[in-house]
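Asks: sequence first, then the predicted structure:
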Amino acid sequence: MRLILLGPPGSGKGTQAQRLVQRYGIVQLSTGEMLRAAVAAETPVGLKAKDLMANGQLVPDDVVVGIISDRIDQPDAAKGFVLDGFPRTVPQAEALDALLKKKHLKLDAVVELRVNESALLQRVETRVAEMQARGEEVRVDDTPEVLIKRLAAYRSQTEPLIHYYSERRKLATVDGMMTIEQVTREVNRILSAVGALEPKAAPARKARGATRKTARPAGKKAAKAAKNTRKTVKTTSRGPRKAVKTAGRKAAVAARGRGTAKAKKAFKRTAPKAAKKVTKKRAKR
């Protein structure tokens, strides 16, 4: 299973990604975490990213794609992966397509979690107010002002991906304003419809029945073969008389059009030879 989750900040991508990871044993590919892991492991791509980040520069797309390439080659990604937060732009999507094609992998689906931005802002405002009322510290990046900026960036950079994947018939849209359980059920339904989920194994009871059914025809065939063998043995053991008659018929057929006298001569020549052959065979037995 290989899929992408699309949606604005606060749409629940992270929650759904974690549920997919737990249920299907796939890995969640978060570009931020992968970058930090690659830097810590000091891979060639990680070292390149480290230098760029140290200089305060943005990590270019080719470096990010290189990190994704290294990550999906690892054994734990054999069952598949879910990308959350990447691609963010159409050029990144094109680079990802090229990478998967090179690895002979297929993207199963792109699931968009569509939400109401006004409702998202209201949620954040309510959460911030509740935290302040409890005397809790509010994170700098978890305020309505920051969310407004992030939503604007999503609309300008990431929304074009909806059209990009829709044209390629990969896009499926889910109402992200439903409950978490409802969204999960809908995502699973989509993945099942596109064939991203492995079919369940047939019950053992049915499997045993299938074995019995396939065994019967084999038994019938064996019995028929034995019967034919008995017939063959019976026919070949009828003695010289049968062989002589058969040889005579063959000689007569071969001599058609050449006159009855020739047929009789052919019979006289062939019959004794046939009788001798059968007698020798019997003697050997």
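Replies: Cool, got the structure.
Asks: just the helices from the protein, written as ranges.
Replies: For the chain, helices defined by DSSP state H occupy the ranges 13-24, 31-41, 44-54, 61-72, 90-102, 117-133, 144-153, 160-167, 180-193, 204-236, 240-254, 260-284.
Asks: can you read off the pLDDT for the residue lying closest to R71 once chain neighbours are set aside?
Replies: Closest residue in space to R71, ignoring its immediate chain neighbours: M34 at 5.4 Å, by Cβ to Cβ, 6 or more residues apart in numbering. All C-beta spots, glycine's among them, are computed from the backbone N, C-alpha and C. Note on M34: pLDDT of 82.
Asks: how many residues are close by M34?
Replies: Counted with other Cβ atoms under 10 Å, residues neighbouring M34 total 20.
Asks: and for G135?
Replies: Count around G135 with other Cβ under 10 Å applied: 6.
Asks: same check on A109?
Replies: With other Cβ under 10 Å as criterion, A109 counts 21.
Asks: hang on, the earlier thing: wait, doesn't the residue nearest to R71 sit right on I67?
Replies: Yes - in terms of Cβ atoms under 8 Å, M34 counts as a neighbour of I67; the distance is 5.0 Å.
Asks: outline the domain layout of this protein.
Replies: Following automatic domain parsing, one finds the domains of the chain at 2-26+79-193, 207-284.
Asks: those: lowest mean pLDDT?
Replies: When I compare these, domain 207-284 is least confident, with a mean of 51.
Asks: dihedrals phi and psi, the closest residue to A196 other than its chain neighbours?
Replies: Once flanking residues are discounted, A196 sits nearest to D108: 3.8 Å by Cβ to Cβ, 6+ apart. Dihedral angles of D108 (phi, psi; degrees, to the nearest 10) stand at phi -80, psi -40.
Asks: how close does D108 get to M177?
Replies: 25 Å (Cβ to Cβ, to the nearest Å).
Asks: who's more crowded, those two?
Replies: Remark: of D108 and M177, D108 carries more neighbours, 18 against 15, as counted by other Cβ under 10 Å.
Asks: from Q74, how far out is the more buried one?
Replies: 19 Å.
Asks: can you tell me the closest non-neighbouring residue to A40?
Replies: Using Cβ to Cβ, 6+ apart, the closest residue to A40 is G46 (7.4 Å).
Asks: wait, what's in contact with that neighbour?
Replies: L35, A37, A38, V39, A40, I67 (Cβ atoms under 8 Å, 6 or more residues apart in numbering).
Asks: tell me the one of these nearest L3?
Replies: Among the contacts of G46, I67 lies closest to L3 (Cβ to Cβ), at 18.8 Å.
Asks: and the closest one, how many neighbours?
Replies: Number of residues near I67 (other Cβ under 10 Å) recorded here: 24.
Asks: can you pull the contacts of it?
Replies: Applying Cβ under 8 Å, 6+ apart, the residues near I67 are T31, M34, L35, A38, T43, V45, G46, A49.
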